[in-house]
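> Okay, here's the prediction I keep looking at, along with the sequence it came from:
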Amino acid sequence: MHSPYDVNGSTTQKYFVLSAMAAGFVALSLLASHGASTTLFQSPTASSVNGVHPTPVTSVISPRGVAARIPRGAHATRHSSASEDAHATESAILAVASAPQQVASSFVNVLLLGIPALVVAAFAHLHRRSHTRVAMAAGYGTLPLPADPFGAGYTVGAQHGAYSTRLYSSASANVGTTQRSTNLDDPEGALKAANAVLDRALDRAEVILMWVLGSEANDMTLEKAQRALNTIEDLVRTRREAATVAADPVQAAALVEKAEKKRQLIGNVISAMKLREEAELACGSQPVQSASVVWRPAHTASATTNLSDPEAAFNAATAALDKALDRAEVILTWVLGSEAKGMTLEKAQRALTSVENLVRERREGARLAADPVQAAALVEKAEKKQQLISSVIDAMRLKEDAELALRQQGTSNGAKRSALITEAEKKALVDKTDVFVFDCDGVIWKGDKLIDGVPETLDMLKAMGKRMFFVTNNSTKSRKGYLKKFQSLGLKVEANEIYSSSYAAAAYLQSIDFPKDKKVYVIGEVGIQEELDLVGIRHIGGPADAGKVVELTPGLALDHDKDVAAVVVGFDRYFNYHKIQTAQLCINENPGCMFIATNTDAVTHLTDAQEWAGNGSMVGCIKGCTNREPTVVGKPSGFMLDNIAKTFSIDKSKICMVGDRLDTDILFGQHNGTNTMLVFTGVTTPETLAKSPVNPDNLIPGIADLLTLKR
């Protein structure tokens, strides 16, 4: 579909045809009056129009990705069809203007046909010029820029009121030209565009550069950016090597992905700096950074950064987070209200989801807007909010990485914790802890089998006046369902002491005031549905879609409910292609539809005989077909721990998180300000602990070993 402001669209073509038809009527009238041998005017050729050479053109890629030929010079804002339109207009005018001596005997014919032709042609010309100007104002024009150091090209367009970069192939960029031009017609405009691109790249990479370079990140230069890139290249290589022997390949792959994203952001800064250098040279000004500096992907021995000192890296990451929070404070308060205080990763992700919905709504509204410039400005404002909150999330994750690196160095004595807790340490831990939060699978039970000594340990802690909560990422049961399981195993637990990820999903939707007229599509089992029922949220899917099979036939289109505003993905033993397709349709096609995961565990304990593929495998399928990251409400997200602390007025520093998984249980505690204790009755072994960067505060064979305090 053509934009109403696209000069290649049907509107301009209509007037082009009308003007050509009018000119044709004039020609026929004159030929009829003076004979076929009379030549009124000569048709324009490829080389000239009445002796005037056509305006030279150059080829660029339009914002729609289509090669367009743009006249160079004073009218460089016109699109390819502008020159063809101009020929039609000139032809219509010349048809009358050049023939007064030939049409004296047929003045009436000229009067009747020529004047209408002029009116139509002039209107077409004015219409084209007006829409060309509006199109440029709305961001449909482009300028070619020099090649980047990776061998690809950039175009910089004034899109939505701000410049943005788009990569395209060199072959496509050179359509209709013999040589790629970097000598821009408007060097000052190109410099302004390059500066805008660089500013944007620096904004996006700011927290990364501060993390790597610390205070040196101020007054960024190409040399500093390249030094930061060298360090991140080393980080990527280190994480890739570690991933080949990692005990948890999912977590290792995620760490590699984070490092590669950091590399990309810094690479964009370097590319933008080089673009600015070329633009400065074209303006005749001295580049800020010498053009003799070349790309240096290899590690330089003298390149020192904060990553060589984990403590400095942690301090730099903290500073970067503080700066990101300062910049986004107004936006976060606008979105979250009083919840913006005590910012957590879960809260920031929730705010980002809301702003992403705002961006989508404004982009959709801009398509039909009467004032495209104003609509584009509103989109730009929403995108700026999105960028500010994304910077907060990036900084929080950087701080997490820095914390892990710091913990990897070991405890205060400089060694990684490998020895089991001593009796003295055990007593000190219990004395200073008011609340124990236990994981269930691998700590309390394995499958349907209770772990030895658990009932006696829980009774002892209760007798000591300790409060206990049980937190599980398993979403197959509701809290009511888990209460029955506790009771069947002979454990005395209250319903409000149980926190499942199925409950967390429902509580999260309730906390953001999920619309009553919308629905949730559930991938998962009855636990999620029961919790949604308790808070009055409508839902579809779940076990009802368990046996559905997609029979692919020509023209098949799977229906989906347009009222679905959230897809919740929990562990589902009946996962199938129908559920995958329905989820991707809802997320990709329903405006503002949220993607929520109860957890991303790689494996889980369905039986005590072996590990089974966890919910991470189901979440991965939906991530793959939607290209969206989910909001995770289970561990290690802090949502459940925040809920416990807020509901029961508990100081997190008085909590000890006890679990068997490093990537969920221990990080759940460490990321949310609690003490941690790892048990070896579940997934983690001493061997996997030794390979992991996560360093628990305390190690114990199992919680039953606390019973020695009773003696």
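Done, it's in. The model shown is predicted, which means the values in this text are computed figures rather than measured ones. Numbering: from 1, shown residues only.
> where in the protein is pLDDT low?
Applying pLDDT under 70 to the chain flags the ranges 1-185, 247, 285-308, 404-418, 711.
> the strands in the stretch 301-450 of the chain, which residues?
Taking DSSP state E, counting those that start in this stretch as the criterion, the stretch 301-450 of the chain contains strands spanning 435-439, 445-446, 449-450.
> which residues sit against the second one?
Outside strand 445-446, the residues within contact range by CB atoms under 8 Å, 6 or more residues apart in numbering are 451, 454, 489, 605, 607, 608, 681, 682. Placement of C-beta: from N, CA and C, glycine included.
> List buried residues within those.
451, 454, 489, 605, 681, 682 (16 or more other CB atoms under 10 Å).
> farthest-separated two in the residues you listed?
The widest separation within these, taken as CB to CB, falls between 489 and 682 and amounts to 16.2 Å.
> Could I get the contacting residues of residue 506?
Residue 506 touches 528, 531, 532, 534, 535, 537, counting by CB under 8 Å, 6+ apart.
> Okay, it and residue 493: tell me how far apart.
Going from residue 506 to residue 493 by CB to CB, to the nearest Å gives 20 Å.
> that older thread, now the contacts of strand 445-446 in TSV, with secondary structure?
Formatted as TSV, those follow (DSSP: H, G, I helix; E, B strand; the rest coil):
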residue	secondary structure
451	coil
454	helix
489	coil
605	coil
607	coil
608	coil
681	coil
682	coil
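> Name the nearest of those relative to residue 321.
Of all the contacts of strand 445-446, residue 321 sits closest to residue 682, with 32.2 Å by CB to CB.
> Identify the residue nearest residue 524 in space, chain neighbours excluded?
Using CB to CB, 6 or more residues apart in numbering and skipping the chain neighbours, the partner closest in space to residue 524 is residue 570 (3.1 Å).
> List phi and psi for the one you found.
Backbone torsions for residue 570, taken as degrees, to the nearest 10, come to phi -120, psi 180.
> Who are the contact partners of it?
475-476, 501-502, 505, 522-525, 527-528, 597-599, 615, 618.
> any idea which of these is closest to residue 561?
When the contacts of residue 570 are compared for distance to residue 561 (CB to CB), residue 522 wins out at 11.9 Å.
> where's the residue nearest to residue 524 relative to residue 592, distance?
Plainly put, residue 570 is 21 Å away from residue 592 if you go by CB to CB.
> same deal with residue 457?
Applying CB to CB to residue 457 and residue 592 gives a distance of 47 Å.
> which one of those two has more residues nearby?
residue 457 (22 against 17; other CB atoms under 10 Å).
> Need the nearest residue in space to the more buried one, chain neighbours excluded.
Nearest non-adjacent residue to residue 457, counting by CB to CB, 6+ apart: residue 703, 5.0 Å away.
> Next: residue 563.
residue 519 (5.0 Å).
> give me every residue that touches the one you found.
With CB under 8 Å, 6+ apart, residue 519 has these contacts: 538, 539, 540, 561, 563, 564, 565.
> Wait, residue 588 touches residue 626, no?
Yes - with contact defined as CB atoms under 8 Å, residue 588 reaches residue 626; the gap is 5.8 Å.
> Those two: who's more crowded?
residue 626 (19 against 13).
> Please report the distance of that one from residue 363.
For residue 626, the distance to residue 363 - CB to CB - is 17 Å.
> Equivalent analysis for residue 244, please.
Distance, residue 244 to residue 363, by CB to CB: 42 Å.
> cool, and residue 439?
Noted for residue 439: a distance of 42 Å to residue 363, by CB to CB.
> Correct me if wrong: residue 262 contacts residue 234.
No - using CB under 8 Å, residue 262 is not in contact with residue 234, being 11.5 Å away.
> quick one: which of these two has more around it?
residue 262 (27 against 16).
> pretty sure that one is in a helix, no?
Yes - Residue 262 forms part of a helix when assessed by three-state DSSP.
> Now for residue 335: which residues touch it?
Contacts of residue 335 by CB under 8 Å, 6+ apart are 351, 354, 355, 389.
> Among those residues, which ones are in helices?
Of the contacts of residue 335, the ones assigned to helices by DSSP state H are 351, 354, 355, 389.
> so how far is residue 353 from the nearest residue to the first one once chain neighbours are set aside?
Spelled out, it's residue 351. Sequence neighbours aside, residue 335 is the residue nearest to residue 351 in space, at 4.3 Å (criterion: CB to CB, 6+ apart). Note on residue 335: its distance to residue 353, by CB to CB, is 10 Å.
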